[in-house]
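Participant: with the sequence up front, the predicted model follows.
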There are 2 protein chains.
Amino acid sequence: MVNRKVRKGSVRQMEARTYIEEHRDEFVAALKEWLSIPSISADPAHHGDVRRSAAWLADHLTATGFPTVEIWETAGMPAVFAEWPAADPTAPTVVVYGHHDVQPVEPREEWHTDPFAPVEQGDRLVGRGASDDKGQVLFHTLGLRANLAASGASAPPVTIKLLVEGEEESGSPNFAELLKRHRDRLACDVVVISDTTMWSADTPSMCVGMRGLTDCQIDVYGSATDLHSGSFGGAVPNPARELAALLAGMHDADGHIAIPGFYDDVVEISERERDLIARLPFDEEEWLRTAGSAAVAGEEGYSTLERLWVRPTAEINGMWSGHTGAGTKTIVPRSAHAKVSFRLAPDQDPLRVQQCVRDYVTANLPRGLRVSIEFGGPGVRPCASDLDSVGVRVARDAMSRAFGTEVLFTREGGSGPEADIAEILAAPLVFVAVGLDDDRIHAPNEKVEIPLLLKGAEAIAYMWDGLAAQARA
Amino acid sequence: MVNRKVRKGSVRQMEARTYIEEHRDEFVAALKEWLSIPSISADPAHHGDVRRSAAWLADHLTATGFPTVEIWETAGMPAVFAEWPAADPTAPTVVVYGHHDVQPVEPREEWHTDPFAPVEQGDRLVGRGASDDKGQVLFHTLGLRANLAASGASAPPVTIKLLVEGEEESGSPNFAELLKRHRDRLACDVVVISDTTMWSADTPSMCVGMRGLTDCQIDVYGSATDLHSGSFGGAVPNPARELAALLAGMHDADGHIAIPGFYDDVVEISERERDLIARLPFDEEEWLRTAGSAAVAGEEGYSTLERLWVRPTAEINGMWSGHTGAGTKTIVPRSAHAKVSFRLAPDQDPLRVQQCVRDYVTANLPRGLRVSIEFGGPGVRPCASDLDSVGVRVARDAMSRAFGTEVLFTREGGSGPEADIAEILAAPLVFVAVGLDDDRIHAPNEKVEIPLLLKGAEAIAYMWDGLAAQARA
């Protein structure tokens, strides 16, 4: 089935592959040049480098052939926008999202090589940003050139709009505003995100969802000062005890979240996706070793991967109260505090969840205590791709051709701004990415597997043809 | 009833009172001299002063007439022992306990006068140790002299053994050893403790019990490091959540302690003591203002004073886990920690309670977490006096005569080494004290009410006669 559909109007497989292999060294050399620019958006000392990185990418995109290349300024660091219209004006339009800023390098002393002097070690390229996200942005230029080379055309089969932001590693503070400002120019039929990972080099996969996130701090206040537990203990409310009860009451005995209304908008995972997740070669023992944990835990009725990917959580990130130093201090503490974050599943709305948590806390606080609950902003919405959407089907077929094997589905337990992109641009999301979980993104000695970047380019070469063919069909 | 019993063989009331009034200034002058010695046992820089304080007291007791006065060395600071045998060798023997060391004075800047330059302000004497405990030790010498003056005898009606330790404010680390070493010389029929308070200047009272204490630190360990809650949240146990559940589970909805076996040895308060406690002029609103708390709380079925005095507690003194700084850190913390102390009611045994807590924690910890629980030593045993014992009856009658009004009963919610004294010396405890809760002991501007010290002396003058008379009866 895969081959039948994709071959309609597709580029010739051997020619795309040959083009990519012949241009491997040129591609790696360009990537190394880009990786040499320390575009750390979180560090004001490197903001000049982030601008240099944007300029480098703009030049590279121009050299690739994009007729339109622009630096888009924001209140912070600039994004790069490039557009290459399809020859056929009725062809679909794709927005490709990535980012050109990188994480800080601390702890610097744990790097075995200079993070900004990228080196090839066999098939690997080591350097900050190699996987997250410069390598995954750059395979799009190689893939597009391969598409053109294989088809012999001078314009792509779909209109490509590349949007590469410069503040993703700083929480994308100006990105939603940028999207809204340029909503018209970013009009599209599908959004391709290349900033995630696949299951493994042997098991290519596509991400089809990410959890959302909202977090809060709960402060419980009792007496005006810490009280001597001999003089007052047992007869005044203890904020630490009542906070512990509030926190403990957030789950029932089966690990379900017991906050009223919390699950109201959660979409149950489909049996089809469950089956596909179950087919992933997940080694729970190995995963536990990675976690450094002695046992799995979580919600009854769900597998570990389901708990990580499709189920919401309520997680205590921190708590503190009273005496935390050495020795004994027999007090009733005056206050107690906790930080709690909630990973959200589609279609939970962070603001609605915030209201549920607020109501739960207010309803369960005993007399005589004061409580404050503050949320750290509006939160991040969860997102999910429809497995039957055109974008997901075409991307999966393209990945299958590139990798020569079936492509499975994963999700991400973490959270990103992707839901905002889909919402603002009113287009479905498709994640096409070739990073690996062991790429050490955000950590010392980040690397990327060069052969996987080339497979990513190849998949993109097929995918643009596939989208155009689907539109014609 | 009070008068009939006490008057048998009693000293003449007017003569005792007159003696005390005539010697007031001399008594206050001596106390001021003693208070000038900064005998802070917790501060090594003042250990020479603690020794000077012991020497001063020894001299003063010799001058009072005690035929035997000794400095008893310990591994730390010295105690003072003095003995004055009764003329009648069959008369009862009393050990009087107090201490000559004092609390540190920090915050020094909050004192309005020099803490070691005691000053009279009307009827008050202000200075560190005025109430806790030098004033309350010294009224015994005045009381004994008044007894002798009123009866015209040259020896007391009971054998008096004064034991004044020098490390009470440092937790009495060597006191049990001292008691055991001198057990024979301290043989007695009753132990009188003068180191507590009465209800108020208008409502004289006797303490008839103190809560015990044991405390622990609970450490819950999960993964080897903090884990990213996006990558692991929902599928590994969260130590903070499980610790919150452990802590919350220590109480049921009615405020009873839910640790199995915890109440096994708790003696229910008698209806008689309940009635007596209920007669105390307790102003709950005023008490809440002192606590700075908006509401009372605690165990169902008990009044505030009962909760404070006769019921055990489980109080979280501190807890901490994960991220406690500013902002958000979406982690599953690697560990979580709490300090919990338990106030104990008669006849709970701290070691048995420790075992109950240990069993509870072990039984309730989920799979995949490690827990450690460490107790801060063997704990402090609770103690209670029998309201119908000879010592309590005689002391209450003596207090009633001195104050000219009925004497009620109180307890202390706090904990001290008194149970050890009773246990090691195998004698019942009687608390005779005239401190007030507003004496600011352990705080800046400690004071004592001089008229109450004189009433204490007067009560003691009657009490020794009363004990002798009871023994003869």
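Facilitator: Done, it's in.
Participant: look up how far A:His99 lies from the nearest residue to A:Pro417 once chain neighbours are set aside.
Facilitator: Using CB to CB, 6 or more residues apart in numbering or on different chains and skipping the chain neighbours, the partner closest in space to A:Pro417 is A:Ser172 (4.7 Å). In short, each C-beta sits where N, CA and C put it, glycine included. For A:Ser172, the distance to A:His99 (CB to CB, to the nearest Å) stands at 8 Å.
Participant: what about the strands in the stretch 151-300 of chain A?
Facilitator: Secondary structure of the stretch 151-300 of chain A by DSSP state E, counting those that start in this stretch: the strands cover A:159-165, A:190-193, A:205-210, A:212-221, A:227-228.
Participant: quick one: buried residues of stretch A:389-408?
Facilitator: Residues A:390-403, A:407-408 are the ones in stretch A:389-408 that count as buried (16 or more other CB atoms under 10 Å in any protein chain shown).
Participant: inside helices: which ones of the residues you listed?
Facilitator: Members of these lying in helices (criterion: DSSP state H): A:390-403.
Participant: which of the residues you listed lies closest to A:Ala224?
Facilitator: Nearest to A:Ala224 out of those is A:Val392 (CB to CB; 58.6 Å).
Participant: picking up where we left off before, okay, A:Ser172 and A:His99: which has more neighbours?
Facilitator: A:His99 (30 against 24; other CB atoms under 10 Å in any protein chain shown).
Participant: measure the closest residue to that one other than its chain neighbours to chain B for me?
Facilitator: Closest residue to A:His99 apart from its sequence neighbours, by CB to CB, 6+ apart: A:Glu168 at 3.6 Å. Using CB to the nearest CB, to the nearest Å, A:Glu168 is found at 15 Å from chain B.
Participant: and A:Glu168, how many residues sit next to it?
Facilitator: Look at A:Glu168: counted by other CB under 10 Å, it has 24 neighbours.
Participant: now A:Asp254
Facilitator: By other CB under 10 Å, the residues close to A:Asp254 number 10.
Participant: A:Pro118: neighbour count?
Facilitator: 25.
Participant: please apply the same query to A:Ser154.
Facilitator: A:Ser154, neighbours per other CB under 10 Å, totals 8.
Participant: for chain A, longest helix please?
Facilitator: Secondary structure of chain A read by DSSP H shows that its longest helix is helix A:450-472.
Participant: quick one, it and strand A:205-210 angle?
Facilitator: 70 degrees (axes from the mean of the first three to the mean of the last three CA atoms, to 10 degrees).
Participant: name the helices or strands packed onto helix A:450-472?
Facilitator: The helices and strands touching helix A:450-472, judged by 3 or more CB pairs under 8 Å, 6 or more residues apart in numbering or on different chains; DSSP states H and E, are helix A:2-7, helix A:13-22, helix A:24-35, helix A:134-151, helix A:390-403.
Participant: would you map the strands across the stretch 301-450 of chain A?
Facilitator: Listed in chain order, the strands of the stretch 301-450 of chain A (DSSP E, counting those that start in this stretch) span A:313-322, A:331-332, A:335-344, A:370-375, A:383-384, A:408-412, A:429-431, A:447-449.
Participant: and of those strands, who's closest to chain B?
Facilitator: Chain B lies closest, by CB to the nearest CB, to one member of the strands of the stretch 301-450 of chain A: strand A:313-322, at 3.7 Å.
Participant: next, the angle from that closest one to strand B:313-322.
Facilitator: 120 degrees.
Participant: and strand A:313-322, C-alpha only, in PDB?
Facilitator: The C-alpha coordinates for strand A:313-322 follow below in PDB (Å, rounded to 0.1, in the frame of the first residue of the first chain):
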ATOM      1  CA  THR A 313       0.000  13.900  35.300                       C
ATOM      2  CA  ALA A 314       0.200  15.900  38.500                       C
ATOM      3  CA  GLU A 315       3.800  16.000  39.700                       C
ATOM      4  CA  ILE A 316       5.200  17.700  42.800                       C
ATOM      5  CA  ASN A 317       8.300  19.400  41.600                       C
ATOM      6  CA  GLY A 318       9.300  20.800  45.000                       C
ATOM      7  CA  MET A 319       8.000  21.500  48.500                       C
ATOM      8  CA  TRP A 320       9.300  23.100  51.600                       C
ATOM      9  CA  SER A 321       8.200  24.100  55.100                       C
ATOM     10  CA  GLY A 322       9.500  24.900  58.500                       C
END
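Participant: name the strands paired with it and say parallel or antiparallel.
Facilitator: Sheet pairing of strand A:313-322 (DSSP bridges) gives strand A:335-344 (antiparallel), strand B:313-322 (antiparallel).
Participant: got the angle for that strand vs strand A:212-221?
Facilitator: Using the same axes, to 10 degrees: strand A:313-322 against strand A:212-221 is 30 degrees.
Participant: spell out which parts of the stretch 351-473 of chain A neighbour chain B.
Facilitator: Counting by CB under 8 Å from any CB of the partner chain, the positions of the stretch 351-473 of chain A adjacent to chain B are A:366-370, A:376, A:412-415.
Participant: can you do 10 Å?
Facilitator: Contact residues, the stretch 351-473 of chain A versus chain B (CB under 10 Å from any CB of the partner chain): A:366-370, A:376-377, A:412-416, A:437, A:442.
Participant: buried ones among those?
Facilitator: Taking 16+ other CB under 10 Å as the criterion, what is buried in these is A:366, A:368-369, A:412-416.
Participant: tell me the domain boundaries of chain A?
Facilitator: Listed by automatic domain parsing, the domain ranges of chain A are A:2-210+A:382-472, A:212-266+A:312-375.
Participant: how far does the last one sit from the chain's center?
Facilitator: By that I understand domain A:212-266+A:312-375. Domain A:212-266+A:312-375 sits 29 Å away from the centroid of its parent chain (CA atoms, centre = their mean, to the nearest Å).
Participant: end-to-end on it?
Facilitator: Taking CA to CA, to the nearest Å, domain A:212-266+A:312-375 runs 14 Å from one end to the other.
Participant: same question for it, mean pLDDT?
Facilitator: In this model, domain A:212-266+A:312-375 has a mean pLDDT of 95.
Participant: count of neighbours near A:Glu33?
Facilitator: For A:Glu33, using other CB under 10 Å, the count is 12.
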